[in-house]
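Q: Quick check, what structure comes out for this input:
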Amino acid sequence: MSRLYYLEEHRRRIAPTFFDRRELNLLLSLYSRRVMNGEWRDYAIDQKDGMAMFSVFRHSHDRPLYSITKKPARGSREVEYAVFCGRERLARAKSLSEALAVFQERLKLVT
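A: As a prediction, this is how the structure comes out:
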């Protein structure tokens, strides 16, 4: 005799991951500074498979220039932040401010 299986019972349940208010404040303040400089023009916030993603664009119809992700670290309750440029990972950190240090402007010599 055949047995009935419910897919819902066998799927791995992944808790949704979101950016909290403090994280969004950090991301949007960085975004607004870059918009003032004319570097970035648009952003998107996505949520996929237990991961939250903040992507910035130079033009609305382009691929993301940078993507900042937040996802749970494997085997623990902590989260991990990563900054990507395309498929290349530029930074990975336990806190968002450490990951966003990639975007700090370097001093330039003025003569």
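Q: quick one: low-confidence parts of the protein?
A: Applying pLDDT under 70 to the chain flags residues 1, 5-14, 106-111.
Q: Just the CA trace of the helix ranked longest in it, in CSV.
A: Across the chain, the longest stretch assigned as helix under DSSP state H is helix 21-36. The C-alpha trace of helix 21-36 is given here as CSV (Å, rounded to 0.1, in the frame of the first residue of the first chain):
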residue,chain,number,x,y,z
ARG,A,21,16.4,49.4,12.8
ARG,A,22,20.0,50.0,13.9
GLU,A,23,21.4,48.1,10.9
LEU,A,24,19.1,49.9,8.5
ASN,A,25,20.2,53.2,9.9
LEU,A,26,23.8,52.3,9.3
LEU,A,27,23.1,51.1,5.7
LEU,A,28,20.9,54.0,4.8
SER,A,29,23.4,56.6,6.2
LEU,A,30,26.2,55.0,4.1
TYR,A,31,23.8,55.0,1.1
SER,A,32,22.9,58.7,1.5
ARG,A,33,26.5,59.7,1.8
ARG,A,34,27.3,57.9,-1.5
VAL,A,35,24.3,59.4,-3.2
MET,A,36,25.5,62.9,-2.2
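Q: Contacts made by it with the rest, please.
A: With C-beta atoms under 8 Å, 6 or more residues apart in numbering as the test, helix 21-36 has contacts from 19, 40, 41, 43, 54, 56, 68, 70, 96, 97, 100, 103. C-betas here are computed from N, CA, C, even on glycine.
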